[in-house]
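# give me a model of this one.
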Amino acid sequence: MRSQDKNKVSIYFLLLLVPLFWGGAFGAAKHVITEIPPITAATLRFGSAGLILFAIAVLRSEWKMDVLKKQWPGLLMMALTGIFGYNAFFFMALDYTSAINGSLIMATTPVFVTLGAVLFFNESWNRRLGLGLLLSLIGVLIVIFKGTFKTIASLTFNEGDLLFVAGLISWVTHGLIGKSVMKGASPLFTTAITTLFGSCFLAIWSLFEGGWGKVLHMSGQSWIEMLFMIVCSTVVAFFLWNKGIHQIGASKSSMYMNLVPINAAWIALLFYGSVITWQQLVGMVMVIIGVYISTMNHKFSYTNLKKGKLNKSLSR
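Numbers count the residues shown, from 1 in each chain. Next up is the predicted model:
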């Protein structure tokens, strides 16, 4: 197997870390914002991560000013949508609506990213991808609703839900723009520059919260959780996310977002004493199967390609 094909195979497994770290960030962020304001927390997270990514990019000689000059409109839009916009809408929405409503809305992300990638970037569509997408989406809904119709009946929608929709649009746009931008920029450089740009906008907003004085008084637990969010949930996760979009496309990468509520659920169970029902376990299994079906089809295609080449050479 060629090195390029090996890299494509490895990214499918490395992308499993992304929903793991983002799922863990849910509980970590929930505790941190009890001690400091949310936008201040987001600025501290992404600003610190941006500086780390910048240092790594410089050390690896991947900080390219010529690429920045050429791709700055797309990079700026990625920062505005995926770093600043998504986080801004997310935190504002939580002041008006429930996490269940937000999870329901954000669970549709893979659907819209896949449709956008197929319509605008000519990414392939097949029955396997469609089946995996549908199966994982149903699984996510079971996890969110805890397998009961009572949860569905109790849902009410308000202006906070519209803010979550705006966050959804921001994240989908971020993924689709990234597909185009990273044709001429490395995933590391893209992650570093967009994180830095986005944190600058978050920093301006945080000044109106007046919460920076509280940062010095954060508890030890909050500092550990913040360190986790900076290194794992931002530096590593966002780099792998962009690398995934670069190597296997936006539609397949987006499927991994369906694993975020699953990881958030079992992490909440393990560290915060939450309860998981058997219906939710069924939903989790459905999501995992759906993601596998959608993302592992390249393996069969590659195997068939090798067989085809072998048969062709033998027939000569």
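
# got a list of what the residue nearest the centre of the chain touches?
The centroid of the chain falls nearest to Met257 when counting by Cα atoms, centre = their mean (5.7 Å). Contacts for Met257 (Cβ atoms under 8 Å, 6 or more residues apart in numbering) come out as 19, 22, 106, 109-110. Glycine gets a C-beta too; all of them are placed from N, C-alpha and C.

# and the furthest pair within these?
Greatest spatial distance in those: Trp22 and Pro110, 13.7 Å, computed using Cβ to Cβ.

# okay, the two: which has more neighbours?
Pro110 (27 against 23; other Cβ atoms under 10 Å).

# my guess is that one contacts Leu259, does it?
No: with contact defined as Cβ atoms under 8 Å, Pro110 does not count as touching Leu259 (10.4 Å).

# what comes into contact with stretch 40-47?
Stretch 40-47 has contacts (Cβ under 8 Å, 6+ apart) with 29, 32-33, 36, 83, 87, 91, 195, 198-199, 202-203, 205-206, 209, 211-212, 214-215, 226, 229-230, 233-234.

# equivalent analysis for stretch 76-87, please.
Stretch 76-87 is contacted from outside by 39, 42, 46, 166-167, 170-171, 173-175, 177-178, 181, 190, 193-199, 201-202, using Cβ under 8 Å, 6+ apart.

# all the helices of the stretch 201-316 of the chain, residue numbers only.
For the stretch 201-316 of the chain, the helices defined by DSSP state H, counting those that start in this stretch occupy 212-215, 220-228, 237-248, 250-254, 260-272, 278-295, 297-315.

# how close does the residue nearest to the centre of the chain get to Leu207?
31 Å (Cβ to Cβ, to the nearest Å).

# then Ile142?
On the measure of Cβ to Cβ, Ile142 and Leu207 end up 42 Å apart.

# among the two, which residue is more densely surrounded?
Ile142 (21 against 12).

# so which bits of the helix or strand Phe46 falls within are buried?
Element membership for Phe46, per DSSP states H and E: helix 38-59. Residues of helix 38-59 classed as buried: 38-54, 56-57 (neighbour count, 16 or more other Cβ atoms under 10 Å).

# that one to helix 220-228, inter-axis angle?
Here helix 38-59 runs at an angle of 40 degrees relative to helix 220-228 (axes from the mean of the first three to the mean of the last three Cα atoms, to 10 degrees).

# what about the helix or strand that comes right after helix 38-59, distance to the chain center?
Using DSSP H and E, the helix or strand that follows helix 38-59 towards the C-terminus is helix 65-78. Mean-position distance between helix 65-78 and its chain equals 21 Å (Cα atoms, centre = their mean, to the nearest Å).

# alpha carbons of helix 65-78, as PDB, please.
Listed next in PDB are the C-alpha coordinates belonging to helix 65-78 (Å, rounded to 0.1, in the frame of the first residue of the first chain):
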ATOM      1  CA  MET A  65       3.000  34.300   4.600                       C
ATOM      2  CA  ASP A  66       2.500  33.900   0.800                       C
ATOM      3  CA  VAL A  67      -0.300  31.400   1.500                       C
ATOM      4  CA  LEU A  68      -1.800  33.900   4.000                       C
ATOM      5  CA  LYS A  69      -1.700  36.700   1.400                       C
ATOM      6  CA  LYS A  70      -3.300  34.500  -1.200                       C
ATOM      7  CA  GLN A  71      -5.900  32.700   0.900                       C
ATOM      8  CA  TRP A  72      -6.700  35.300   3.500                       C
ATOM      9  CA  PRO A  73     -10.400  35.800   2.500                       C
ATOM     10  CA  GLY A  74     -11.100  32.100   2.900                       C
ATOM     11  CA  LEU A  75      -9.100  31.800   6.100                       C
ATOM     12  CA  LEU A  76     -10.800  34.800   7.600                       C
ATOM     13  CA  MET A  77     -14.200  33.400   6.800                       C
ATOM     14  CA  MET A  78     -13.200  30.100   8.400                       C
END
